[in-house]
Structures are given as C-alpha cells and as structure tokens.
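# this one's sequence-less:
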C-alpha cells in the first residue's frame with residue numbers, strides 16, 4: 001500500500017485529500033506545516049508528499065528546499081498543490097527547487113489522482129526532479145516571489161481600504177438621511193424586518209422541502225446500499241462507511257439547526273410560549289448554559305408580528321448571554337399581567353456591561369436591533385446591566401398597542 005504525506009494548514013483541505021487518497025488505496029499521514037511534515041517524513045518515509053505552499057511556521061517552498069537537501073527524502077516525489085501561488089513564476093520556482101508536479105487547486109479528483117499516479121510511476125523508474133539552482137539563486141528567486149506576493153497583498157489591502165473608505169462615506173450619507181426623519185427610520189426598519197422574516201421563511205421552506213428531504217432520502221439510500229453490501233465489503237469499508245454516515249447525520253443536524261434559527265418552529269401553530277420553551281431547551285443543550293423558562297402560557301394569542309418580535313428579541317438576548325456575557329445561568333420569563341399587558345424578560349448572570357459606554361459602538365448593534373423590533377411591534381424595551389452584575393432585557397406589551405402592530 002502506497003503511503004502519502006499530505007501537508008496543509010486548513011482542516012477542510014486535509015479532509016478532502018485524506019478521503020480522496022484513501023478512496024484510491026493510499027495510507028495517509030497528515031501535517032499542518034512544513035516543519036511538522038519533515039519530522040513525520042523522517043520518522044516514516046512516505047512514497048509521496050503533497051503539500052500546500054502558503055502555511056505558517058514553514059511554508060511549502062522552504063519545505064521543498066529542506067526535502068531535496070535530505071539524503072533520506074530527496075528521491076521521494078514532491079507534489080505542490082496550491083490555490084495561492086498560481087503565477088507561472090511560482091511554478092517555475094517550485095520546479096527549479098525540485099518539485100515533481102505543480103497542481104492548481106481545486107483539481108478534479110480523477111485528474112488529480114491520475115497526476116499523482118504519473119508522478120509515482122516516474123519515481124518507480126528512478127526518475128525524480130533534482131534542484132536545478134544553487135542556494136544563492138534559490139534564495140534570490142524565493143525572496144522575489146515573497147516580495148511579489150507581499151506587493152500583491154498590499155495592493156489588495158489598499159483596494160479593500162479604498163472600498164472601505166468609500167463604503168464609510170456612503171454609510172455616513174445614509175445615516176444622515178435616516179436621522180432627518182425618525183418616522184421614516186421606523187418605517188424603513190419595519191420594512192427591513194418584514195423582508196428579513198419573509199426571506200427567512202422562504203429559506204426555511206426551501207431547506208425543508210428540498211435539502212431536508214433530499215438528505216433524508218440520501219441517508220435512507222445509504223443505509224439500503226450498506227445493508228446490501230456483502231459482509232466482507234462491509235468489514236473492509238466499515239470505518240469509511242461510518243464516517244460517511246456520521247457526516248450525513250451531522251449535516252442533517254446542522255440543517256435542522258439552521259432551519260430553527262431561520263424561523264421558529266411551531267410559533268404560528270402553537271404560540272409564543274411553546275416556541276420559546278422549545279428554543280430554550282435547544283439553547284441549553286447547545287451551549288451547556290443552565291437555562292430555564294418561568295411563567296406560564298398566556299393563553300390569549302398576540303398578533304403574529306408581535307409574537308415574532310418577542311421571540312426574536314429573546315433569541316438575540318440569549319445569543320448575547322452566551323457570546324458576550326459568558327453567562328452560566330439564564331432565566332427566561334413570560335408573564336401575562338392582570339391589566340392586560342404582557343412582559344418578556346431574559347436575565348443572565350454574565351459579565352454585564354456599562355450601557356452608556358456601549359451605545360454607538362459595534363457590539364451594541366444587537367441591542368439596537370432589539371430596540372427596533374420592540375418599537376416596530378409597539379412595545380417598550382429596557383435593559384438593566386452593570387459590569388460584573390449580569391444583564392436583564394425586558395420587553396413590555398400593552399395588548400392594545402400590540403394589536404396596532406399587527407401586519
């Protein structure tokens with residue numbers, strides 16, 4: 001069995017190469033950078049090495065120079081697989097340093113394997129590519145490539161900076177126009193929220209009707225195919241089949257989570273209490289935070305937009321509790337008051353913050369969205385917070401005001 005060493009600092013790239021090579025009968029070793037690759041190769045010499053160029057610690061060019069200078073490794077085929085160094089000069093430098101193949105990402109699997117087999121065939125005949133330049137010439141060419149890449153990156157950063165400056169100017173103009181009329185701002189906010197929710201529902205339906213059903217059918221088909229395989233084949237491919245099944249299960253779970261985030265399941269059918277209770281339960285399982293629901297089902301339904309606004313505010317507050325506050329405990333309460341009002345609160349024991357210092361800063365965007373949602377639905381929102389003292393978000397609805405907020 002041929003042994004391949006794959007070198008890349010991105011896990012998704014390693015996964016692709018690992019699955020592809022194993023599918024064609026290779027044993028696979030992995031390394032995250034050139035230095036790690038040299039250590040592993042010297043411990044167990046591979047039949048071929050496939051490496052990226054742009055990596056931390058030791059890049060692919062430096063790895064290639066050390067590889068060809070090592071008596072134990074220099075005859076092992078060296079393949080470059082890169083998406084960053086695509087200029088003809090990059091290829092020329094790699095070949096002059098001794099690379100046996102230079103492949104641009106992404107490559108079609110069959111074409112990639114065919115290329116690898118050609119390199120291995122040449123190596124089996126004792127043919128390999130030696131370095132064709134001296135140390136000084138190599139260093140000079142390598143430096144020129146690095147300088148060129150740095151110049152390209154600098155130009156890209158400059159272009160991004162110019163685009164950012166132009167975007168900032170545009171944003172300031174938009175903000176000035178929005179400040180001219182608070183009424184126009186609220187109208188725009190409501191329209192944006194309507195559009196966002198409509199797109200969320202559309203995406204939710206698309207995921208359910210197409211992706212979700214296809215994944216279910218795919219898993220069923222996979223199980224049927226696996227059951228039909230002869231037992232020796234199942235035994236030989238057990239690990240790979242298990243990996244595929246786990247990947248399908250993970251994908252199904254991710255799609256379900258995305259669907260739940262796009263649009264709360266059960267909100268229209270069962271109401272706010274049921275939707276919030278389900279979300280809190282899932283939130284607890286996903287984050288490990290001690291989270292509970294207090295209060296009771298109000299019984300009387302609010303207008304659809306009001307219920308959706310309350311749910312989104314609670315959802316945003318829970319995200320903040322996990323992401324920013326690093327809370328250990330969260331309590332969500334839905335209380336129906338005897339005067340006809342309704343209140344929702346989300347309280348955590350996290351890091352808290354100073355509201356006066358946060359206003360206008362980037363992290364306050366979530367708080368602004370909550371405020372906009374409350375205003376659009378005819379509710380009032382208050383936030384009580386202090387550094388080290390946790391955070392409490394409370395939304396209060398008068399039923400008459402919430403009726404006016406209906407679509």
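Ah, there it is. Only a predicted model underlies this, so the values are computations on that prediction, with no experimental measurement involved.

# show me what contacts residue 207?
By Cβ atoms under 8 Å, 6 or more residues apart in numbering, residue 207 lies in contact with 255, 258-259, 262. From N, CA and C alone the C-beta is placed, and that goes for glycine too.

# and the gap between it and residue 253?
From residue 207 across to residue 253, the span is 13 Å (Cβ to Cβ, to the nearest Å).

# hang on, the earlier thing: of the contacts of residue 207, which belong to helices?
The helices, defined by DSSP state H, take in 255, 258-259, 262 from the contacts of residue 207.

# returning to that earlier point: and the contacts of residue 207, which are buried?
255, 259, 262 (16 or more other Cβ atoms under 10 Å).

# so the last one is in contact with residue 202, correct?
Which is residue 262. No - assessed by Cβ atoms under 8 Å, residue 262 is found out of contact with residue 202, at 9.0 Å.

# just give me the neighbour total for residue 22.
Using other Cβ atoms under 10 Å, the number of residues around residue 22 comes to 15.

# still on that earlier bit, of all the buried ones among the contacts of residue 207, which comes closest to residue 172?
residue 262 (31.9 Å; Cβ to Cβ).

# how close does the closest one get to residue 111?
If you go by Cβ to Cβ, the gap between residue 262 and residue 111 works out to 38 Å.

# does residue 72 count as helix, strand or coil?
coil (DSSP: H, G, I helix; E, B strand; the rest coil).

# any stretches of the stretch 101-250 of the chain with poor pLDDT?
Along the stretch 101-250 of the chain, segments meeting pLDDT under 70 span 131-153, 178-179, 181-191, 193-194, 197, 201, 204-205, 208-209, 212.

# what about the strands in it?
Ranges of strands in the stretch 101-250 of the chain, per DSSP state E, counting those that start in this stretch, are 101-104.

# what about the helices in it?
For the stretch 101-250 of the chain, helices defined by DSSP state H, counting those that start in this stretch occupy the ranges 109-124, 135-179, 182-206, 213-228, 231-236, 238-262.

# quick one: closest of these to residue 9.
For residue 9, the closest of those is helix 135-179, at 16.0 Å, according to Cβ to Cβ.

# burial count for residue 200?
Using other Cβ under 10 Å, the number of residues around residue 200 comes to 17.

# wait, residue 326
A count of nearby residues for residue 326, using other Cβ under 10 Å, gives 12.

# do the same with residue 85
Residues within reach of residue 85, counting by other Cβ under 10 Å, total 22.

# quick one: it is in a strand?
No - read with three-state DSSP, residue 85 is coil and lies in no strand.

# that one touches residue 55, doesn't it?
No - the pair residue 85 / residue 55 is not scored as a contact, 11.3 Å apart, by Cβ under 8 Å.

# now for residue 2, how many residues are close by?
Residue 2 has 15 nearby residues by other Cβ under 10 Å.

# enumerate every residue touching it.
Applying Cβ under 8 Å, 6+ apart to residue 2 gives the contacts 25-27, 47-48, 120.

# out of those residues, which are buried?
By neighbour count, with 16+ other Cβ under 10 Å, these hold 26, 47-48, 120 as buried.

# closest to residue 369 out of those?
Distances from residue 369 to the buried ones among the contacts of residue 2, taken by Cβ to Cβ, are shortest for residue 26, at 50.0 Å.
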